[in-house]
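Colleague: My questions are about this predicted structure, shown below with the sequence.
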Amino acid sequence: MNDSDISKMIEMKGITKRFSDVVANANVDFELRAGEIHCLLGENGAGKTTLMNVLYGVYQANEGEIYIKGKKATIKEPQDAIGLGIGMVFQHFMLVKTLTVTENVVLGLKSERWPLLNLDSAEEKIRDLSDKYGLKIDPSAKIWQLSVGEQQRCEILKALYRDVDILILDEPTSVLTPQESSQLFLFLRSMKAEGRSVVFITHKLNEVMEVSDRVTVLKNGQVRGTINTSETSKEELAKLMVGREVLFKCDKEKSTGEEVVLNIKGLWTQSDRGQFALKGINMVVKKGMILGVAGVAGNGQKELVEVITGLRHVSKGQIYLEDIDITNKSPRYIRDRGIGHITEDRMERGLVLNLSIEENAILGIHRSSTISNERGFLFDFEAIKNYTENLIEKFDIKAPSRLIPAHNLSGGNLQKLILARELSQHPKILLAASPTKGLDVGAIEFIRQKLIEQQEKGIAILLVSEDLDEIFDLSDEIIVLYEGNIVGRVRCSEATYEEVGLMMTGVTKQIKE
């Protein structure tokens, strides 16, 4: 390598990574320059995370070379990468759930008071970082007590705490308000101004166009192209990723239903930490309506979904499904009365990954008369086979067989499987919690179109999402949760991102009847 190559923070040459007979990366070249923000795009399974895991030392390449700041590097484990100034925020969190936020952030670092810990100093620094970048979190909270979004914020703080000069971020804005995302982008630009570099993995093409200098698109483990962001468009990038034109805006009819499907009155419930997470919530969802619930993660969204589905105890108040009081009823009772549920965490709560596609397809509905006898004791295996194959075809689930374990599916196909299972029972209302989180643009388009189809059939939908694009694209009305209270209720056609973003941070309140 010559002196001119020193400006390259990272150069990966001919990287090939195989898992048995599966080639995840095929002869990939990737370059990260000093002082640039470089976006990495591709569908689920395209090889983006695998490539970055090779760079971070989680995997070792079968072929290829890596150069860091002009020098050939051998990276056998993450500690090697950290020593070279590389930090990575993983999409699937690397956190110890029984430890606090502070303990997770400093895990693996040598204390200033070695061999004693100095957690007070670390906690103070974490509070400063969280305040500076708008990543609200309690440093003393245990990880298991946090929502998925809060856990992701902890991962971001882990990287910020280490003051790295090469930062890899995988979907870092999925739990942030527009204002907080803007603050994060300011931080990334300050890294760039200091000559430090960022690899930014995101499915949000608006973010790519806003924050990146260059974009590399992967498809089927190969590089489809590296483009200057100023010379491309969302449409061109989406076509490179998916191989076809992609619709960014779903066409939908305005909701006109007046029949109340879900009615919540004066609802109070506690969080896992024993504090009130919802404080006197009142809301209704009508037939054929999509009601969006916006808010920064940790403001009661998780608890709202869980009390409706019977997974959390109601302290005070009532929940009615049409004219049936389902307050504190069992999840089975509530499900049987017509509530479908797309869980926030598809890998831990939505599916059992070691079970087959077929077995996951009948979870929760195994007593149905269509696949078992009237007592639910004996399965009709031919009926189950036909039922599952019909779902696979109808929902375009890419799988070689209905009998393979679910963990072999990509994130998009896992989500399609959950959606297929829930909609096959023709629910009266569907609770969709972050239904497209972490998915590529093709899977997002498919999931959103399916939700709109259900709305047009008269199914009520409660959409809980931290993605404001999703809230605005799909919802008829929006409510905003902040610290367990509804601080805003607006018609989507009359609202702006700025208004909702300010309500999400508790700056303003707005209720429109």
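Modeller: Yep, it's here. Everything numeric in this text was worked out from a predicted model, so none of it was measured. Numbering: from 1, shown residues only.

Colleague: Distance of the spatially most central residue of the chain relative to Asp476?
Modeller: Taking Cα atoms, centre = their mean, the centroid of the chain lies closest to Lys437, which sits 3.2 Å from it. Distance from Lys437 to Asp476, counting by Cβ to Cβ, to the nearest Å: 21 Å. (Glycine included, C-beta is placed from N, CA and C.)

Colleague: same check, this time on Tyr161
Modeller: Distance of Tyr161 to Asp476, given as Cβ to Cβ: 42 Å.

Colleague: Looking only at neighbour counts, state which of these two leads.
Modeller: Comparing Tyr161 with Asp476 by other Cβ atoms under 10 Å, the one with more neighbours is Asp476, at 23 against 17.

Colleague: in whichever strand or helix holds Tyr387, what's buried?
Modeller: Using DSSP states H and E, Tyr387 maps to helix 381-394. Residues of helix 381-394 classed as buried by neighbour count (16 or more other Cβ atoms under 10 Å): Ile384, Tyr387, Thr388, Leu391, Ile392.

Colleague: now, among those, which is nearest to Cys492?
Modeller: Checking the buried residues of helix 381-394 against Cys492 by Cβ to Cβ gives Leu391 as the nearest, at 30.9 Å.

Colleague: quick one, what contacts the closest one?
Modeller: Ala361, Ile397, Leu417, Ala420, Arg421, Ser424 (Cβ atoms under 8 Å, 6 or more residues apart in numbering).

Colleague: By neighbour count, which of those residues wins?
Modeller: Each of these was scored for neighbours by other Cβ under 10 Å, and Ala361 scores highest at 27 neighbours.

Colleague: you'd agree that one is up against Thr388?
Modeller: Yes. The pair Ala361 and Thr388 passes the contact test of Cβ atoms under 8 Å, sitting 4.6 Å apart.

Colleague: what do those two both touch?
Modeller: Arg402.

Colleague: Please enumerate residues in contact with stretch 356-367?
Modeller: Residues from elsewhere that reach stretch 356-367 (Cβ under 8 Å, 6+ apart): 332, 335, 351-352, 355, 368, 371-372, 376, 379, 384-385, 387-388, 391-392, 397, 399, 401-406, 409, 417, 420-421, 424-425.

Colleague: Output it as PDB - backbone C-alpha positions only.
Modeller: C-alpha atoms of stretch 356-367 as PDB (Å, rounded to 0.1, in the frame of the first residue of the first chain):
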ATOM      1  CA  SER A 356     -40.500 -25.500  12.100                       C
ATOM      2  CA  ILE A 357     -42.300 -23.000  10.000                       C
ATOM      3  CA  GLU A 358     -45.300 -25.300  10.200                       C
ATOM      4  CA  GLU A 359     -45.200 -25.500  14.000                       C
ATOM      5  CA  ASN A 360     -44.900 -21.700  14.300                       C
ATOM      6  CA  ALA A 361     -47.800 -21.300  11.900                       C
ATOM      7  CA  ILE A 362     -50.200 -23.000  14.300                       C
ATOM      8  CA  LEU A 363     -48.900 -21.500  17.600                       C
ATOM      9  CA  GLY A 364     -51.800 -20.200  19.600                       C
ATOM     10  CA  ILE A 365     -54.400 -21.600  17.100                       C
ATOM     11  CA  HIS A 366     -53.600 -25.300  17.600                       C
ATOM     12  CA  ARG A 367     -57.000 -25.900  19.100                       C
END
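
Colleague: Could you list the low-pLDDT ranges of the stretch 251-400 of the chain?
Modeller: Within the stretch 251-400 of the chain, the segments meeting pLDDT under 70 span 251-256, 369, 373-377.

Colleague: where exactly do the strands run in it?
Modeller: Secondary structure of the stretch 251-400 of the chain (DSSP state E, counting those that start in this stretch): strands located at 260-270, 276-286, 290-294, 316-321, 324-325, 339-342.
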